[in-house]
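Novice: sharing a model prediction with you, sequence too.
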Amino acid sequence: MSESGVKSPSNLELMAPNQPKKLLEICVSRLAFAISKPLNPFICMEERVQIPGDLIQMLLEYGRTHQILNDNFLKWVLESEYTENTQINLSGCSRLTDEAFTLLAFYPETFENLNTLNVGRCGMITDISLGIVLEQCVHLEVLILDQCKQITERSFRCLRSKDLEEMDEILDNFNLILNEKEKDPFSFHLKEENTETKKGSMRKMEERSGTPLVKLKHLDVSGCGRLDDSFLALLVENLREIEHLYVNSCNRFGENAFNSFLRNQSNLKCFSASDCLWLSSVTLKTLSRCCPLLSSLMLNGSYFVDDEGLIQVSKECKNLKELSVRECNQLTDHSISSLFQNSVPLVTLDLCWCGLTDISFDQMQKSELGGEKGTLKQLKLSWCNQISEDGMREGLKNMPNLVSLDVSWLKLTDSVMESVLDTCKELSSLDISSSSDLSTEMLIRCAQLSQLKVLNLSWCRRVDDAVLTKISEGCPELRVIDISLCNSITDVGFSSLSNCAYLKGILASKCRNLSDLGIMEVVKKCTDLLFLNLTEWKLTDEGLNCISSYCPYLICVVLGSCKAITDAGVELLVKRCNRVQSLAISCCKQLTNEAIISVSKHLYRLQSLSASELPLVDDFGLSSLKECTLLQNLSISWCNTITDESIIEVLTNCNLLETLDLSFIDNLTNKSVKEVTKNTKFVKQLKLVGCRGITNESIFDFANNSDSFLQEKITLDVSFCPGITSKAMDEIQLENKKITIIKARMGDFV
């Protein structure tokens, strides 16, 4: 495999053995060019080749899953006359812009059989392109737009009565984009037809048979914070066949408008409205009366949902199989018990952080959910601390069909754990984190759960070499294991994880007795690892060399406070494991500019970087991060040798940033804060703790421009900033409800 991440022609032949060799070579060369870095405009090849649909689909999926699908690649797909498709999946392609996405509409044949369109987490797509594309989606049944934070109800203008003048205006706006690109001799050119011909084909949308989106059954607009009641009004008028609806974190809806929409959705089966502060029991009553087919309900973090609403759901929704009310703090035994009294056939139940007590838990195990024929398969009870030891033990004795159980942070005892192990023998996922009272003998008995795939033992202080060895021998199917803060484990015990050849993730943060010896034994057998957390290990470059040699598919690596690693080790890691999307190297104090430059050079898919407390990194190293244009999370706190110059350069190029930590950077001034205001539309958390060079002026500027930010809520931490006054921050907080300001011991009090 090349450094760019593109498979060689020989490997591609194995992936698609029935395709001509020359065709495969052309595909590889085009793909390599399309994802070349730095990103160049796509130059059409003189030799035009029609690529078979199945091969294009394979390459499209490869490009998407490896974060290398950009405007150039999508244009190539269209140039190859890719028409044999029923679905287009572009989720997570942060490089896609309106320019390329709108081109889809210029190929009407693409939509002849299209029933699924997924552009979730494509943050640069706006109403301009999405509206034009949706105009053509006559047969679309599935539309996924989660985290497309720039879209508004204008994207769904196709649901209104058609207005030709409005369509002309939209097309003219897009033609401006094309005209700007045509000034560049290397720009991508539409095929033989000119723009006017394409515009004419768009006008024919008025004459097509069928209305866009009326067949829609699955709609996901989670995190689309700009959608409001006008969007709901469009849905009420036109869409009445929706079966799956996801509106998580959409907080501009009014409850009355949403209830009007629900009254027309008798086919709704799945409804997810987590973290929606407008949602109350009134909506649940409407939902239960109007949607009798409901089988899945997600209400996590819905603070205003109380007993009255859930009781109504339990009475009316007799098909409910999945219910999640995590952190719905107003729910009590009264409503939770009603679920069991009304024989709701739940398969999945999440009650974490709810007011569950022995009363309702006892009713649960006696209902149809428990017993040999019980329907319940997945149960989450994290932080349900009102359940007693006796109640937990007796309740779990009657849950033999559970395959997933979360009883973390409940102070489990041996007697409770014995009930779990004796009864729930089919468990594939078990979370007992923070169970510090469990004995070594009882932890060893976890090895009898031979079908376990996910196991969380973090904060279980009695986990040692003997426990880990027995579990790795008895649970060879493990995919993910978390042993963070289990400080009794040594390299001898850790190396036993090599028995679990299918491991995808190892979380072993702050296991301070572990070193190169343990991880080197494991990675030689567990070569498919994707996630690795080795925070505060005694790790050296030798260990990194071994990890990078055997685990090329890593996408998340955490090496915080591994103080012995150097630039050479990091360079080996990022060069061989160039699929990494999340990297943490904070407090690795031997690292210099060379490490950051290596990261920027090889990790072009990087989305999250933690590089705090690196005293040897200065502006020269940090400025190289401008190449990581997909960055969404960046932490460079306590890097006191960097200045505004490099920070501004990074902010100018990395405009997808959502969280940014610039705390305790002594050279930081108002210039950097103003650059955040100017370039980062997606920012939701900005930490400026202890920054001595910033004043009220930049914070006022940030607040005054908050409407340009696409997040519904923004957290700003200006604690310990001597140039910031408490009076000014209170004034901002009073006038701007979008921004939450954290302030502690500011200038007024120092």
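Specialist: Now that the structure is in, tell me what you want to look at. Numbering: from 1, shown residues only.
Novice: contacts only, for Thr211.
Specialist: 138, 158, 238 (C-beta atoms under 8 Å, 6 or more residues apart in numbering). C-beta: built from backbone N, CA, C; applies to glycine.
Novice: now do the SS call for the second one.
Specialist: Cys158 carries the three-state label helix when classified by DSSP: H, G, I helix; E, B strand; the rest coil.
Novice: my guess is it contacts Pro212, does it?
Specialist: Yes - between Cys158 and Pro212 there is a contact under C-beta atoms under 8 Å: 4.1 Å.
Novice: list residues touching both of the two?
Specialist: Joint contacts of Cys158 and Pro212 (C-beta under 8 Å, 6+ apart) are 134-135, 137.
Novice: end-to-end on stretch 110-124?
Specialist: Terminal residues of stretch 110-124 lie 22 Å apart, using C-alpha to C-alpha, to the nearest Å.
Novice: let me fix that, I meant to ask about stretch 248-255.
Specialist: End-to-end distance for stretch 248-255, by C-alpha to C-alpha: 14 Å.
Novice: closest one of the contacts of Thr211 to Val689?
Specialist: Nearest to Val689 out of the contacts of Thr211 is Cys158 (C-beta to C-beta; 46.7 Å).
Novice: need the per-residue pLDDT for the closest one.
Specialist: Per-residue confidence for Cys158 comes out at a pLDDT of 84.
Novice: repeat for the one 4 residues further on
Specialist: Predicted confidence (pLDDT) at Lys162: the value is 48.
Novice: ranges for the strands of the stretch 51-200 of the chain?
Specialist: With strands called from DSSP state E, counting those that start in this stretch, the stretch 51-200 of the chain shows them at 87-89, 116-118, 142-144.
Novice: buried sites along the second one?
Specialist: Within strand 116-118, the residues that count as buried by 16 or more other C-beta atoms under 10 Å are 116-118.
Novice: just the first one next, same as before
Specialist: Within strand 87-89, the residues scored as buried using 16+ other C-beta under 10 Å are 88-89.
Novice: output the strands of the stretch 51-200 of the chain as a markdown table; include the columns mean pLDDT and distance to Leu443.
Specialist: Below are the strands of the stretch 51-200 of the chain laid out as a markdown table (pLDDT from 0 to 100; distance: least, C-beta to C-beta, whole Å):
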| stretch | mean pLDDT | distance to Leu443 |
| --- | --- | --- |
| strand 87-89 | 83 | 42 |
| strand 116-118 | 92 | 42 |
| strand 142-144 | 96 | 41 |
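Novice: in CSV, list those along with distance to Ile648.
Specialist: Formatted as CSV, the strands of the stretch 51-200 of the chain follow (distance: least, C-beta to C-beta, whole Å):
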stretch, distance to Ile648
strand 87-89, 36
strand 116-118, 35
strand 142-144, 35
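Novice: of all the ones you listed, which one is nearest Leu376?
Specialist: Per C-beta to C-beta, nearest to Leu376 of the strands of the stretch 51-200 of the chain: strand 142-144, 29.0 Å.
Novice: quick one: the closest one to chain centroid distance?
Specialist: Offset of strand 142-144 from its chain centre (C-alpha atoms, centre = their mean, to the nearest Å): 17 Å.
Novice: that one - contacts with which helices or strands?
Specialist: strand 116-118, strand 218-220 (3 or more C-beta pairs under 8 Å, 6 or more residues apart in numbering; DSSP states H and E).
Novice: tally of neighbours for the closest residue to Gly92 other than its chain neighbours?
Specialist: Leaving aside its chain neighbours, Gly92 sits nearest to Arg121 (4.6 Å; criterion: C-beta to C-beta, 6 or more residues apart in numbering). Residue crowding around Arg121 was assessed by other C-beta atoms under 10 Å; the count is 19.
Novice: let me see the contact set for Arg121.
Specialist: Contacts of Arg121 by C-beta under 8 Å, 6+ apart are 91-94, 146-148.
Novice: pLDDT score for it?
Specialist: We have a pLDDT of 90 for Arg121.
Novice: residues touching Leu603, list them.
Specialist: Counting by C-beta under 8 Å, 6+ apart, Leu603 has contacts 574, 578, 580-581, 583, 628.
Novice: need those residues in TSV with neighbour count, secondary structure and pLDDT, can you?
Specialist: Output for the contacts of Leu603, formatted as TSV (neighbours: other C-beta atoms under 10 Å; DSSP: H, G, I helix; E, B strand; the rest coil; pLDDT from 0 to 100):
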residue	neighbour count	secondary structure	pLDDT
Val574	22	helix	97
Asn578	22	coil	91
Val580	23	coil	95
Gln581	19	coil	93
Leu583	23	strand	98
Cys628	22	coil	92
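Novice: is it true that Ile506 lies in a helix?
Specialist: No - counting by three-state DSSP, Ile506 is not part of a helix but strand.
Novice: distance of it relative to Trp537?
Specialist: To Trp537, Ile506 is 11 Å away according to C-beta to C-beta, to the nearest Å.
Novice: more neighbours: which of these two?
Specialist: Just comparing Ile506 and Trp537: by other C-beta under 10 Å the higher neighbour count belongs to Trp537, 27 against 23.
Novice: neighbours of Trp353, how many?
Specialist: Around Trp353 there are 21 residues (other C-beta under 10 Å).
Novice: tell me the pLDDT of it.
Specialist: Trp353 is assigned 92 on the pLDDT scale.
Novice: which element is it on?
Specialist: Using DSSP states H and E, Trp353 sits within no helix or strand.
Novice: now the residue nearest the centre of the chain: how far from Cys148?
Specialist: The chain has Arg121 as the residue nearest its centroid, 8.2 Å off, counting by C-alpha atoms, centre = their mean. Using C-beta to C-beta, we find Arg121 at a distance of 8 Å from Cys148.
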